[in-house]
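1. Quick one, fold the following:
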Amino acid sequence: RIQRVIRLVSRSSGSCRNQYSVPCRDFSALPQSDGEWVSAVASSPTTAKEAESDEYRGVNPSNDFSERKGDHCRKISVTRKLGKDLLNDPYLNKGTAFPGHERERLHIRGLLPAAEMSLTSQYRGVMAKIRAEPNPFKKWLYLTGLQDRNETLFYKCLCSHVAELAPIVYTPTVALACLNYSSIFRRPRGMFFSARDRHQMASMVYNWPVNEVEVVVVTDGSRVLGLGDLGLHGMGVVMGKVDLYVAGGGFYPARTLPCVIDVGTNNPQLLGSEEYLGVQRKRIEGKGYLDLVDEFMDAVKLRWPKAVIQFEDFETKHAEMLLKRYRNHFRVFNDDIQGTAATALAAVYGALGVRGKGPEAIPREKFVVCGAGSAGLGVANALVRAMVKHGASEAAARQQFYVFDHHGLITAARPPGSLAPSVATFARPKGERLSASSLLEVIEEVKPTALIGLTGAGKMWGADVLAAMGRSCDRPMIFPMSNPTDRAECTALEAAEATQNRAIFASGSPFEDVLDAAGNRLMKANQSNNFYIFPGVGLGAAAGQILPISDEQLLAAAEALAACTPPEALKEGIIFPPLQNIRQISSKVAMAVIKQSMREGQANTPALKKLMPLLHTDEAQLDLSLQMIISDPNQTFIPDYSSLVYRGLGRAETHMNDELTMTAVEAILTPLVVCPPAAPERGVLLAGGALCMAVVCHQVFPLFEFENSDGGDDVQKANAHRRSRAVAVMGKKGQMRGTKRVEPVSSLHLSNFLGDADDTLHTIHIRFGSVASK
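-> The predicted structure follows:
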């Protein structure tokens, strides 16, 4: 019976082996237990829509076979689209690069100009157009349009010129895209969840056509860069972020997913705009907000349990709270808090290297931090942990910090309850005479060695403040890390002039190096870009299936990043490695994250369990083995066109495309027993074979709509409450092998209308995408 199911599934998903198809998944090692076969069979491609998307996008390279010509290996992908449909699909479209034989076979001859170009020729033409355009925002528009037409060509340009195009795809240019998102919206990317989708998110995630998503980047748009509350417009940031995951971490584009949780906006300009595409209401707060985020997290974990979830641009009052709420239960990290902190720590390590010191010197540094939000406190806490790691006590480490918010220096003299617990740990003691001092006075008094800005308030460091930093030590660290460029606390030129070019400078947004009249560099304008960190952290967490992603792993990532800068570069004031080498950097960061997780006792994959003995015996061999896992060419995206082969729908697939209508079907498998939520002991025997077949084809137990002979009120009530969850039991016919109770979201009693036998059940409509439980 199992073999019959396998053959039917293979036929229905179009995955039978033949010379034109991709290989179906391996069923050679089926579980031995009768009760375990469902999960094994359910790992096969599901509906026609999902099977097609996984194959033609190259989501899973193991599902592709290759055409080898000498040393060149070219992928062959399967498509079910022809003609204009093919040209309108950005995942498959090659534009003028379709060769003649594909134009003939795929019915696009005559739909394209006669010239047959290569991918290299296409991307050179694109880069020439981009470089000829002086306006960065117009460059962003052009690249976004290219991505909507030809995703492979877009990523070829981005991956080949990542240092040049990253500031266009992401900060600072993406800030303009976010401000104008509604007016420039052309084609949706990612998924949009809103307050109107309450109780529907577990169903909605199955509308996304890809089964294997590795990275989800999500925002609520409450604090977009330094621009404040932009609501739905925060989608622009997460779109740019996933593009950098592809370029920097080697993730397949279809394995990344940008999301926005639209809970409204408090921005009066957006609320009063007819163009605004988001929910026109004030932001939901309190329990309602948490309920929405909880539902989103549960839905993502239901559909993609192995995915890494990155929080992006959540406002301060939610960012730290959400991270604490989910970090031990979900594979999650916050780039604003943890990514920024790790990058800043790497910058400090690099600055110490410029001074000829190692990381062990960090406990003796004094820091002035402007900005007590989630990013500023994240940086301060990371520096404290680094000091503790290198020998300082936590109390002594915190005494090395002088933190400012919009009220001034944070001290214990503030009114009781006015400081959040996370902020109060950095409050200066009451007895200090600096309690009412300005930033300039504090710098002149305490002689700090580093000035870090994360205020998002623009140019708040005047020439007097910068000059005071120049007097405090020979090579002061000046890090204006706020984004975008116009929100930075100072410019590179201002820092150079005030410190006679002695500053070690690093900013969040890019600035030009300071040059003399002859063009010789006087001061290097380093960019402390989170892009150095988050692709590697995501890659390590995904490859190692790390849970939780700890602060110590982020410290290891910072040290790995700092180690990538060669000594000769440090002598010139360069504290970060070349961004063009981002994939190699991300690989080393990922290795450091995985190794630290192994030190913490996490070995969550079979490969890592085998490597655990090497952690204390042969670290060189461990590094080599981890490098092979992380840099597996079959799992790393390299933008290139694949040969396309057309395959039509199979016989079974023709009838099981979008909706199944099944009546009496021979029970080829064990029956499915559905129990009422309030009375699990009352099992209702349904058409076992038909329903189980649907389970196999969809990988989950679906929610279903019922019709009986008289179409009574109970049936209408059931269809109106499709959110209700049932207990699904797989076992031998007439027996119940065990149950997994799923908490119902409504009090609907299925027994009210199903009865105790299947003779009252005439038709079951099973809609793909509506999910009750795994």
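
2. Specify the local secondary structure of residue 310.
-> Following DSSP: H, G, I helix; E, B strand; the rest coil, we place residue 310 in the strand state.

3. who's the closest residue to it other than its chain neighbours bridged to?
-> Closest residue to residue 310 apart from its sequence neighbours, by Cβ to Cβ, 6 or more residues apart in numbering: residue 217 at 4.8 Å. Using the backbone N, CA and C atoms, a C-beta is placed for each residue, glycine as well. Taking DSSP bridges, one obtains residue 258, residue 310 as the residues bridged to residue 217.

4. How many residues are close by residue 217?
-> By the measure other Cβ atoms under 10 Å, the count of residues near residue 217 is 27.

5. Retrieve the pLDDT associated with residue 357.
-> If you check residue 357, the pLDDT there is 93.

6. Could you confirm it falls within a helix?
-> No - residue state for residue 357 (three-state DSSP) corresponds to coil; a helix is not indicated.

7. Now it: phi and psi?
-> In terms of degrees, to the nearest 10, the main-chain angles of residue 357 are phi -110, psi 160.

8. what's the burial count for it?
-> Neighbour count for residue 357, taken as other Cβ under 10 Å: 14.

9. Now do it against residue 390, distance only.
-> Residue 357 is 11 Å from residue 390, where distance means Cβ to Cβ, to the nearest Å.

10. How about residue 344?
-> Computed as Cβ to Cβ, the residue 344 to residue 390 distance reads 16 Å.

11. Just want to know which of the two has more residues nearby.
-> A count of neighbours by other Cβ under 10 Å puts residue 344 above the other of residue 344 and residue 390, at 31 against 15.

12. any idea how far the residue found closest to that one once you drop the neighbours it is linked to in the chain lies from residue 574?
-> Nearest non-adjacent residue to residue 344, counting by Cβ to Cβ, 6+ apart: residue 379, 4.5 Å away. As for residue 379, its distance to residue 574 is 21 Å (criterion: Cβ to Cβ).

13. and the two? which has more neighbours close in?
-> Under the neighbour definition other Cβ under 10 Å, residue 379 and residue 574 were set side by side, and residue 379 has more, 28 against 20.

14. for that one, what are its contacts?
-> Residue 379 makes contact with 340-341, 344-345, 369, 452, 454, 481, according to Cβ atoms under 8 Å, 6 or more residues apart in numbering.

15. Of the residues you listed, which belong to strands?
-> Members of those lying in strands (criterion: DSSP state E): 369, 452.

16. Looking at the contacts of residue 379, which one is closest to residue 303?
-> residue 340 (29.0 Å; Cβ to Cβ).

17. ok, that closest one - contacts?
-> Remark: with contacts taken as Cβ under 8 Å, 6+ apart, residue 340 is in contact with 375, 378-379, 454, 481, 530.

18. Show me how far stretch 319-339 is from its chain's centre.
-> When distances are taken as Cα atoms, centre = their mean, to the nearest Å, stretch 319-339 is centred 13 Å away from the chain's centroid.

19. Can you list the neighbours in contact with that stretch?
-> The contact list for stretch 319-339, computed with Cβ under 8 Å, 6+ apart, reads 223, 241, 290, 293, 297, 301, 306-314, 374-375, 377-378, 382, 422, 530, 533-534, 537, 541-542, 545-549, 551, 554.

20. Between its first and last residues, what's the separation in that stretch?
-> Criterion Cα to Cα, to the nearest Å; first-to-last residue distance in stretch 319-339 is 13 Å.

21. buried stuff in that stretch?
-> For stretch 319-339, the neighbour count (16 or more other Cβ atoms under 10 Å) marks 319-320, 322-323, 325-327, 330-339 as buried.

22. Stretch 104-113 now?
-> 106, 108.

23. My guess is residue 410 contacts residue 370. True?
-> No - assessed by Cβ atoms under 8 Å, residue 410 is found out of contact with residue 370, at 10.9 Å.

24. what about the closest residue in space to residue 253 that isn't next to it in sequence, how many neighbours?
-> Spatial nearest neighbour of residue 253, excluding adjacent residues (Cβ to Cβ, 6+ apart): residue 246 at 5.2 Å. Using other Cβ under 10 Å, residue 246 has 23 neighbouring residues.

25. Could you tell me which residues make contact with the residue nearest to residue 562 when sequence neighbours are not counted?
-> Nearest non-adjacent residue to residue 562, counting by Cβ to Cβ, 6+ apart: residue 349, 3.7 Å away. By Cβ under 8 Å, 6+ apart, the contact set of residue 349 is 359, 362, 558-559, 562.

26. Of those residues, just say which sits nearest to residue 257.
-> For these, the nearest to residue 257 is residue 558 (26.8 Å; Cβ to Cβ).

27. Can you list the neighbours in contact with the helix or strand harbouring that closest one?
-> Per DSSP states H and E, residue 558 falls inside helix 551-563. By Cβ under 8 Å, 6+ apart, the residues outside helix 551-563 that reach it are 333, 338-339, 341-343, 345-346, 349-350, 353, 359, 381-382, 385-386, 389, 532-533, 536-537, 540, 546, 575-577, 585, 588-589, 591-593, 595-597, 600.

28. what do you get if the cut-off is 6 Å, keeping everything else the same?
-> Helix 551-563 is contacted from outside by 338, 342, 345-346, 349-350, 385, 532-533, 537, 588-589, 592-593, 596-597, using Cβ atoms under 6 Å, 6 or more residues apart in numbering.

29. Same question for stretch 146-155.
-> 90-91, 93, 95, 122, 187, 246, 639, 641.

30. go on, stretch 180-192?
-> For stretch 180-192, contacts defined as Cβ under 6 Å, 6+ apart pick out 148, 233, 236, 239, 258-260, 275-277.

31. If we use 8 Å, what do you get?
-> Under Cβ under 8 Å, 6+ apart, the answer for stretch 180-192 is 141, 144-145, 148, 177, 204-205, 207-208, 230, 232-233, 235-236, 238-239, 242, 257-260, 262, 273, 275-278.

32. and the closest residue to residue 586 other than its chain neighbours, what element?
-> Among residues not flanking residue 586 along the chain, residue 536 sits closest, at 3.8 Å (Cβ to Cβ, 6+ apart). Using DSSP H and E, residue 536 falls within helix 534-544.
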